[in-house]
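Colleague: turn this into a structure:
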Amino acid sequence: MPKTTIVDIPMAEQVRMRAELRRARYGHLLAVHLLLLCAAGRSPSEIATVLFCSRSSVYRWLKPIAPAL
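Modeller: Next comes the predicted model:
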C-alpha cells in the first residue's frame, strides 16, 4: 500500500513554514479565503484549521460582516 505522505518535511521546518504562512496571509487574501469558506458553510473552527490561523482571527474578520457571530 502506498504512503499517503507525499513529502516528508521535518517538524521544525513545518512549524517555521506555518508561521511564515500566517504572516503572509493576513490581509486581503486571508479575508477572501475566510469569506469563501464561510459561504461554503464551513464553521469558524474549520476555517481556522484550514487556514492555519486562530479562531479569534476568523471571528475578527467575520464580525463586521456577520454581527450575529
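Colleague: centroid residue for this protein?
Modeller: With distances taken as CA atoms, centre = their mean, Leu51 lies nearest the centre of the chain, 1.1 Å away.
Colleague: any idea how far Leu30 is from that residue?
Modeller: In this view, Leu51 and Leu30 are 7 Å apart by CB to CB, to the nearest Å. For glycine as for every other residue, the C-beta is placed from the backbone atoms N, C-alpha and C.
Colleague: and the contacts of the top helix by length along the chain?
Modeller: Across the chain, the longest stretch assigned as helix under DSSP state H is helix 11-25. For helix 11-25, the surrounding residues in contact (CB atoms under 8 Å, 6 or more residues apart in numbering) are Ile9, His33, Leu51, Phe52, Cys53.
Colleague: nearest spatial neighbour of the second one, skipping sequence neighbours?
Modeller: To tie it back to what came earlier, the one meant is His33. Distances taken as CB to CB, 6 or more residues apart in numbering place Leu51 nearest to His33, at 5.6 Å, with adjacent residues excluded.
Colleague: quick one: residues contacting that neighbour.
Modeller: Leu51 neighbours (CB under 8 Å, 6+ apart): Arg25, Leu30, His33, Leu34, Leu37, Val58.
Colleague: from these, which land in helices?
Modeller: Among those, DSSP H puts Arg25, Leu30, His33, Leu34, Leu37, Val58 in helices.
Colleague: by pLDDT, rank the residues you listed and give me the bottom one.
Modeller: Taking pLDDT as the measure, those have their low point at Arg25 (59).
Colleague: picking that back up, mark which of the contacts of helix 11-25 are buried, thanks.
Modeller: Burial by neighbour count, judged by 16 or more other CB atoms under 10 Å, picks out His33, Leu51, Cys53 from the contacts of helix 11-25.
Colleague: okay, the first one and Val15: tell me how far apart.
Modeller: Here His33 is placed at a distance of 21 Å from Val15 (CB to CB).
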